[in-house]
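Enquirer: need a 3D model of the following:
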Amino acid sequence: MRHLITPFRTRRVTVALAALIGLATFIPAQKLPDAPGTDKLHHVIACAALVLSMSFAKPHQLWKYAVCGIMVGIFIELAQPFVNKSGEVGDVLVDACGITLGCAMGVGLCTWTNKLYC
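Expert: Below is the predicted model:
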């Protein structure tokens, strides 16, 4: 039986999400549509979604996804002042919380579904 969620497919999902997050990050705040919730909640959701699929497909490489996710968060916060947005240390901390949540959810789903490639 073929698995619907494979590391190759989840890699594509992760790259697409990273591109979407990067695009949304560098669009001026005035041009972004209003969304329910706070800025910090958006950070948690985006970072959790970013690492969720890969941590589900390859939980044994979890630390790589966590480190890469945090590095992306730091890069985004350092680059935001160049597009007239403010970079905040608090956002990096919230990103780390989202990454932790996404990794925990991915490993939990992997354990729960008991996939062969986990």
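
Enquirer: which parts of this structure are strands?
Expert: Counting by DSSP state E, the chain has no strands to list.

Enquirer: got the buried residues for the lowest-mean-pLDDT helix or strand in it?
Expert: Taking mean pLDDT, DSSP states H and E as the measure, the chain has helix 7-26 as its least confident helix or strand, at a mean of 83. Buried residues in helix 7-26, counted by 16 or more other C-beta atoms under 10 Å: 10, 13-14, 17, 21, 25. (C-beta placed from N, C-alpha, C; glycine too.)

Enquirer: list the helices and strands that helix packs on?
Expert: helix 39-57, helix 62-79 (3 or more C-beta pairs under 8 Å, 6 or more residues apart in numbering; DSSP states H and E).

Enquirer: ok now it, how far from the chain's centre?
Expert: Its chain's C-alpha centre lies 8 Å from the corresponding centre of helix 7-26 when counted by C-alpha atoms, centre = their mean, to the nearest Å.

Enquirer: same question for stretch 95-111.
Expert: On C-alpha atoms, centre = their mean, the centre of stretch 95-111 falls 10 Å from that of its chain.

Enquirer: output the contacting helices and strands for the longest helix along the chain.
Expert: Scanning the chain for the longest helix, with DSSP state H as the assignment, gives helix 89-113. Using 3+ C-beta pairs under 8 Å, 6+ apart, the elements in contact with helix 89-113 are helix 39-57, helix 62-79.

Enquirer: among those, which is the most enclosed?
Expert: Ranked by mean neighbour count under mean count of other C-beta atoms under 10 Å, the helices and strands packed on helix 89-113 are led by helix 39-57, which reaches a mean of 21.

Enquirer: between that helix and helix 62-79, how many degrees?
Expert: Angle, helix 39-57 to helix 62-79, by axes from the mean of the first three to the mean of the last three C-alpha atoms, to 10 degrees: 150 degrees.

Enquirer: ok and helix 39-57 relative to helix 89-113, angle-wise?
Expert: 30 degrees.
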